[in-house]
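1. Dropping a prediction and its sequence here:
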Amino acid sequence: MTVETLDITKDHCPMTFVKAKLALAKISSGDVLEVTLSGGEPLENVPKSAQEEGHKIISIEESGDNYLIKIAKK
Amino acid sequence: MDNNKKLSIICFSGEFDKAVAALTMATGAAAVNWEVNLFFTFWGFNIIKKKGGHTPVGTGFLAKVFNLLMGGRKSAPLSRLNFAGVSPKLMTGMMKKQNVATLEELYQAAKDLGVNLFACEMSMNIFGMKREDLDPAVKEVIGVPSFLKYSEGGETLFI
């Protein structure tokens, strides 16, 4: 299992969601993507759309002003 | 993926800002798992030309002149305050500075996300263009019945 990281705290809609989706597409099944994102829209919708695709949200932690979301690819 | 979530956009406009709006909606929807169809027609045809600048493509003198004057994705004007093409360059600079996706980045993202790009058959004939004058990423050249078939059951926008 490998762990990839992605920081979308400086991005804006729609690239926040676009980068998260493309990063998940690039990794292999069982690998983990750690996404650092800001609150609001990205926090609400990045985990939601990942779950919709069948990926597993391992954890959501606060990290300073941002959040760290760990997603395991299905 | 929920197959009921489908967004189809009739991209009628060739201006920079309207193309940004259409591609923002398209990429945002595709990124949250919607199926997305973009149907490029009339001035919107400029967005999917293979050559992005002012190039005299097309068969026939008038088609060549039209295509030269209209340009493509990389020379798309702003719908307001264009100032002879200076403003889109300034706006692209502002977008980069603010980490907002540029027209080119959005277009690439749409392709990476598997957004379906369709070209209007009628427009292709008007502008005297061939399939090879279009971005190879264009999935199909279609008419109204096919667009209706692809967009059926989803949301449709006209930009």
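-> Done, it's in.

2. where do the helices sit along chain A?
-> Using DSSP state H, the helices of chain A run over A:15-26, A:41-52.

3. Oops, could you answer that again for chain B instead?
-> Counting by DSSP H, the segments of chain B that form helices are B:16-31, B:61-70, B:86-97, B:103-112, B:121-126, B:144-151.

4. can you list contacts of the fifth one?
-> Helix B:121-126 is contacted by residues B:40-42, B:44-45, B:130-131, B:134, B:141-143 when judged by C-beta atoms under 8 Å, 6 or more residues apart in numbering or on different chains. All C-beta atoms are positioned from the backbone trio N, CA, C, and that covers glycine.

5. Got phi/psi on the nearest residue to B:Thr92 once chain neighbours are set aside?
-> Excluding its sequence neighbours, the residue lying closest to B:Thr92 (C-beta to C-beta, 6 or more residues apart in numbering or on different chains) is B:Thr102, at 5.1 Å. Backbone torsions for B:Thr102, taken as degrees, to the nearest 10, come to phi -80, psi 170.

6. if we can go back for a sec, can you pick the most crowded of the contacts of helix B:121-126?
-> Ranked by neighbour count (other C-beta atoms under 10 Å in any protein chain shown), those have B:Phe40 at the top, with 29 neighbours.

7. Let's see the pLDDT reported for it.
-> For B:Phe40, the pLDDT comes out at 98.

8. what's the distance between B:Gln98 and chain A?
-> Applying C-beta to the nearest C-beta, to the nearest Å, the value for B:Gln98 to chain A is 7 Å.

9. and chain B, which residues reach chain A?
-> Taking C-beta under 8 Å from any C-beta of the partner chain as the criterion, the neighbours of chain A within chain B are B:1-2, B:24, B:27-28, B:30-33, B:98-101, B:105-106, B:109, B:112-113.
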